[in-house]
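[1] build me a model:
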Amino acid sequence: MAKVQITNVTVLDNPTAFLNPFQFEITFECLENLEKDLEWKIIYVGSASSETCDQTLDSVFVGPIPAGVHKFVFQADAPNTEKLPSDDVVGVTVVLLTCSYLSAEFVRIGYYVNNEYADPVLSENPPSKPMFEKLQRNILASNPRVTKFKINWD
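    All right, here's what the predicted structure looks like:
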């Protein structure tokens, strides 16, 4: 049985400008004391066709953790635009929130992200080179995909 249960994730500042930071308010329950750290990551999927375009936006270690309910805000800068394929910027992609213990991932929460131009003229006729400062990011926060993995907690 998992020793950590994610009880709530709230996507903050959503929708927002593409270049603004990602912000997640995470609430989790630790069922017993954990001696080692939990590692949380925010990963931006830059292209559906290649994992080489994925970017770990930030990772943070939290711990040791006493039993009980805990809450924190995890914030990470927007992806490095120079590493994103131009053809994959506008439209739908994914952002992943993962958590690991002892280097073993036990939960992955995936959100669809829609990047689009707020300006109707740019939306109808998008430029060949993305104008990141004009893009808006909208995370579909109401329908996350949660995947749990069994790990050895000891």
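[2] return the helix or strand in this protein with minimum mean pLDDT.
    Here the helix or strand of the chain ranked lowest by mean pLDDT, DSSP states H and E is helix 120-124, holding a mean of 93.
[3] mind giving me the packing neighbours of the helix or strand just after it?
    Counting by DSSP states H and E, the next helix or strand C-terminal to helix 120-124 is strand 135-139. Using 3 or more CB pairs under 8 Å, 6 or more residues apart in numbering; DSSP states H and E, the elements in contact with strand 135-139 are strand 16-17, strand 104-117. Any C-beta I mention is one placed from the backbone N, CA and C, and that applies to glycine too.
[4] which residues touch the shortest one?
    In other words, strand 16-17. Under the criterion CB atoms under 8 Å, 6 or more residues apart in numbering, residues 133, 135-137 lie in contact with strand 16-17.
[5] run the chain-centre distance for it.
    15 Å (CA atoms, centre = their mean, to the nearest Å).
[6] farthest-separated two in the contacts of strand 16-17?
    Farthest-apart pair in the contacts of strand 16-17 is E133 and R137; separation 12.2 Å (CB to CB).
[7] hey, what's in contact with both of the two?
    When contacts are counted by CB under 8 Å, 6+ apart, E133 and R137 are jointly contacted by 17-18.
[8] so the two - more neighbours on which side?
    R137 (20 against 9; other CB atoms under 10 Å).
[9] how much space separates the more buried one from Q23?
    Distance, R137 to Q23, using CB to CB, to the nearest Å: 11 Å.
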